[in-house]
Each structure stands twice: as C-alpha cells, then as structure tokens.
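**Q** Model the following, please.
(one chain, ligands or ions: 1)
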Amino acid sequence: MNIAIIGYGKMGKEIQSTAIEQGLTVRAIIDPLVKEADFPDITEESVKDIDVGIEFTAPSVTVDNIKKMARLGKNMVVGTTGWYDRLDEVKKVVEEGGIGFVYSPNFSLGMNLFYKLIEEAARLFNRYEMYDVFCYELHNNQKVDSPSGTAKVIGKILLDHIDRKKKLVFDRLDRRIKKDELHVASVRAGFIPGTHVVGFDSEADTIEIKHEARSRKGFAMGAVLAAKWIQGKKGFYTMADVLR
Ligand SMILES: NC(=O)c1ccc[n+]([C@@H]2O[C@H](COP(=O)([O-])OP(=O)(O)OC[C@H]3O[C@@H](n4cnc5c(N)ncnc54)[C@H](OP(=O)(O)O)[C@@H]3O)[C@@H](O)[C@H]2O)c1
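**A** I've put the predicted structure just below:
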C-alpha cells in the first residue's frame, strides 16, 4: 500500500516511521517549506501512485488540501484539528469526489477507549446531583488551536449524558459559572503531547479521570491503522467507525 504524507511536521515525521514499521510504502512527502519534502503541493504528479494520503498540517490549509485530494479521487486520513466548523462543506466535497475519508481529533486507541470510560462515568454521575463536572486539557506551546478538538468531543459526550449540564464554556469567565454550564479549560506550555482530564467534584471529594499521551506514537499508529482501513473504501468516516 502506497501512502502520501501531507504535512511533514512533528506528526508527519512520526507517521513516516510508523508507516514504514507497518510495511507501508511512503511514496511522497508533501510540504511547502520543509526541504526534505518531495513535493510542495498536492498535484496529479505528487499523488500519482498513492492509495491514501495522511494529512497533519494546519487548520488554515486542511480544507483546501481535502478539496485537492477529492478532485484527484484520492482517499484520505485527516488528523489536523481546528477546521470542524467546515465539516458539512467537507462532507459534501467527500461525497462529490467519491473518495474515502477518515478524520478524528484524536487517533490514539487509548483516547478512543477513554471516550467510552467518560461516557460510562457521565451516566453514573448523572444520577448524583451533588457532583459538578469539569474538563481541562494541556498541550505544547506550538499548538495553534484551542480548545483541542479532543476536548470538544469530550465536552459533547459529557453534555449528552449529564442532564443538568446544557452548555460548554471555553473562555475566561468574569462571572460565576452557571449551574448548567460545564467549564473546559486549556493550558499551552512546553512540549506536552496532549493531556485531557475529566473531573467530578462534590463537597466531599474530587474524582478525576485522566488520559495522558506519552508521545505522538499513539496518534501515528491510529492514523496508519485508519489509512489501511480506508484503502479502497468510499464515504465519510471517523475513528469510531475504524475501531468498530
Ligand atoms: N488527530 C490527532 O490524533 C492529532 C494528534 C496530534 C496532532 N494533531 C493535529 O495535527 C496538526 C499538525 O500537528 P503537528 O504537531 O504535526 O504540527 P507541525 O509540527 O506544525 O506540522 C505541520 C506541518 O504541516 C506543514 N504544512 C503547512 N501547510 C501545508 C500545506 N498546505 N501542505 C502540506 N503541508 C503543509 C507545515 O509546513 P511548513 O511549516 O513548512 O509550512 C508543517 O511542516 C495540528 O492541527 C494538530 O492539532 C492531531
């Protein structure tokens, strides 16, 4: 199976080594500025023999990259976060292009299991009004979007299963938080690959559930797994479909 790596940054490099370990052939590295890249852009030539392109770039360029791949009829795995306000547009592009597409704010298997744990915890705490709920996430100082796409997914799971919480609040609050609001906070510092914590707090105690990525390896392994899965398929999918 031949892949193209679109975006040769921290994740692109991790994808390259993981893909090779998994027996895939990296046919093209596409990045506009990095000198080790084979091509600066997605063109007919740069993705000629490619089965799937794996894209980890920046939210400002991702939708354009998806459009280019769809026009060329190439399947795609997208790990870039921060473009989800354009999901409907992308869904249409994928359908019209007749390509296979997988995206996820977090490709790690552990995080996808963590989602299940949170869902179960939320169901449990839904019954106990005395517990408030919160979430916070930590990432490296190079991350451009905030809150993380993963934190938004976690927030949605909590809202879906805790009746007394109706709204996520991400920003600084210059007032008391309302009872039906759930605070999701973001911290950016150093080299942290990604930490997400969900907490339940009562007058008596605090219970926290934490997922801490140790490196980018878990994301790369999930993205490569998704690339193998989407080969030869058509349609719009998430990592949940791949793991199902
Ligand atoms: N879904 C997940 O599991 C997961 C996990 C980790 C990270 N992420 C996300 O993945 C994205 C990338 O993260 P990262 O840590 O790898 O960032 P990074 O180190 O900044 O790498 C991004 C790379 O994309 C390149 N790029 C920019 N525009 C491009 C274009 N039009 N075509 C091709 N390449 C382009 C950049 O190149 P130049 O600098 O040379 O322009 C850079 O080398 C972020 O959105 C991050 O949040 C997702």
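**Q** In the protein, spot the helix with the most residues.
**A** helix 109-126 (DSSP state H).
**Q** wait, does stretch 211-222 contact the ligand?
**A** Yes. Using C-beta under 6 Å from any ligand atom, stretch 211-222 reaches the ligand at F219. (Glycine included, C-beta is placed from N, CA and C.)
**Q** Return the set of buried residues in that stretch.
**A** 211, 213, 216, 218-222 (16 or more other C-beta atoms under 10 Å).
**Q** Contact residues of this protein facing the ligand?
**A** 6-12, 30-34, 56-59, 61, 65, 79-82, 104-107, 143, 219.
**Q** What helix or strand is the residue nearest to Y115 when sequence neighbours are not counted located in?
**A** Distances taken as C-beta to C-beta, 6 or more residues apart in numbering place I157 nearest to Y115, at 6.1 Å, with adjacent residues excluded. Using DSSP states H and E, I157 sits within helix 149-161.
**Q** For D241, what are phi and psi?
**A** phi -70, psi -40 (degrees, to the nearest 10).
**Q** so what's it up against?
**A** V102 (C-beta atoms under 8 Å, 6 or more residues apart in numbering).
**Q** change it to 10 Å
**A** By C-beta atoms under 10 Å, 6 or more residues apart in numbering, the residues touching D241 are 102, 104, 226, 229-230, 233, 235.
**Q** Apart from its chain neighbours, what residue comes closest to the residue positioned nearest the centre of the chain?
**A** Taking C-alpha atoms, centre = their mean, the centroid of the chain lies closest to P105, which sits 1.2 Å from it. Nearest non-adjacent residue to P105, counting by C-beta to C-beta, 6+ apart: G149, 2.8 Å away.
**Q** all strands of the protein, in order?
**A** Applying DSSP state E to the chain gives strands spanning 2-6, 25-30, 52-55, 75-78, 100-103, 132-139, 167-169, 181-188, 195-201, 206-212, 235-238.
**Q** looking at the ones you listed, which is buried most?
**A** For the strands of the chain, the largest average neighbour count (mean count of other C-beta atoms under 10 Å) is found in strand 52-55, namely a mean of 28.
**Q** Can you list the strands that it pairs with?
**A** According to DSSP bridges, strand 52-55 forms sheet pairs with strand 2-6 (parallel), strand 75-78 (parallel).
**Q** Dump it to CSV, restricted to CA.
**A** Taking C-alpha atoms only, strand 52-55 is exported to CSV below (Å, rounded to 0.1, in the frame of the first residue of the first chain):
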residue,chain,number,x,y,z
VAL,A,52,-4.2,7.0,0.7
GLY,A,53,-2.9,10.5,1.8
ILE,A,54,-2.4,11.1,5.5
GLU,A,55,-2.8,14.9,6.4
